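Q: need a 3D model of the sequence below.
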Amino acid sequence: MSFTMSSADRERFLAAVHVGVLAVGGADTAAAPLAVPVWYSYRPGGLVTVLTGRDSVKARRIRAVGRFTLCAQQEEAPCRYVSVEGPVVAIEDRLDPDERAAMAHRYLTPDTAPAYLAATTEQLVADVAIRMRPERWLSADFSAVAERLAAAAPPPVSDRPVAERLT
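A: Predicted structure coming up:
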């Protein structure tokens, strides 16, 4: 049984709201890769976009290496994940306020997004938009295993005492 998602399924999954884990190596091959949670955006067939501090460790490493990996997962059962790696095609020094607002509204509630945007306006000049073209994909969807295990599970035991169940 294959757990790999179809191209359409993995792109839909990546486009859904998940906190991603961005991983990037360093110019120093003796150093471990950096892996940090990030907000990201993606539309099927498009680019993965991450907004981050211009001088952050992420940004410095991405500039040095020219590529990164992003992994998004669904933690609750059935577990699923998509990992995508590719070259950076753009690092934009000026953030589009509408894109930044869309990212905030993607991850925050309608009540908290405006407050977050107002409290972090300095990010419009402190952050960069990093865009990556997906090149290599890995994915897994364990739904079939979960369904098979659920079908094979014994029926639930009643919470009622045995004497009540026998009458």
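Q: so where do the strands sit in the protein?
A: 20-24, 34-38, 48-53, 67-74, 80-92, 127-132, 136-141 (DSSP state E).
Q: for these, which one sits closest to residue 111?
A: Among the strands of the chain, strand 48-53 comes nearest to residue 111, with 21.3 Å by C-beta to C-beta. C-betas here are computed from N, CA, C, even on glycine.
Q: which stretches of the protein have low pLDDT?
A: Applying pLDDT under 70 to the chain flags the ranges 1, 144-167.
Q: pull out the buried residues from stretch 69-82.
A: 69-74, 80-82 (16 or more other C-beta atoms under 10 Å).
Q: turn those into TSV, columns for distance to residue 123.
A: Shown next, in TSV, are the buried residues of stretch 69-82 (distance: C-beta to C-beta, whole Å):
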residue	distance to residue 123
69	24
70	20
71	24
72	22
73	26
74	28
80	31
81	28
82	27
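Q: and of those residues, the nearest to residue 26?
A: Set against residue 26, the nearest of the buried residues of stretch 69-82 by C-beta to C-beta is residue 69 (13.5 Å).
Q: how much space is there between that closest one and residue 38?
A: Taking C-beta to C-beta, to the nearest Å as the measure, residue 69 falls 11 Å from residue 38.
Q: now for the two: what residues contact both?
A: Common contacts of residue 69 and residue 38 (C-beta atoms under 8 Å, 6 or more residues apart in numbering): residue 22.
Q: and the spatially most central residue of the chain, what does it touch?
A: In the chain, the C-alpha nearest the mean C-alpha coordinate belongs to residue 20, at 2.5 Å (C-alpha atoms, centre = their mean). Applying C-beta under 8 Å, 6+ apart to residue 20 gives the contacts 37-40, 50, 70-72.
Q: turn the strands of the chain into CSV, columns for distance to residue 14.
A: Listed next are the strands of the chain as CSV, based on distance: least, C-beta to C-beta, whole Å:
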stretch, distance to residue 14
strand 20-24, 9
strand 34-38, 13
strand 48-53, 8
strand 67-74, 6
strand 80-92, 5
strand 127-132, 12
strand 136-141, 9
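Q: what's the closest of those to residue 9?
A: When the strands of the chain are ranked by proximity to residue 9, the top entry is strand 136-141, at 7.0 Å, counting by C-beta to C-beta.
Q: neighbouring contacts of that closest one?
A: 3-5, 7, 9-10, 13, 78-86.
Q: go on, stretch 90-103?
A: 39, 41, 47, 49, 51, 54, 59, 62-63, 113, 117, 123-125, 127-131.
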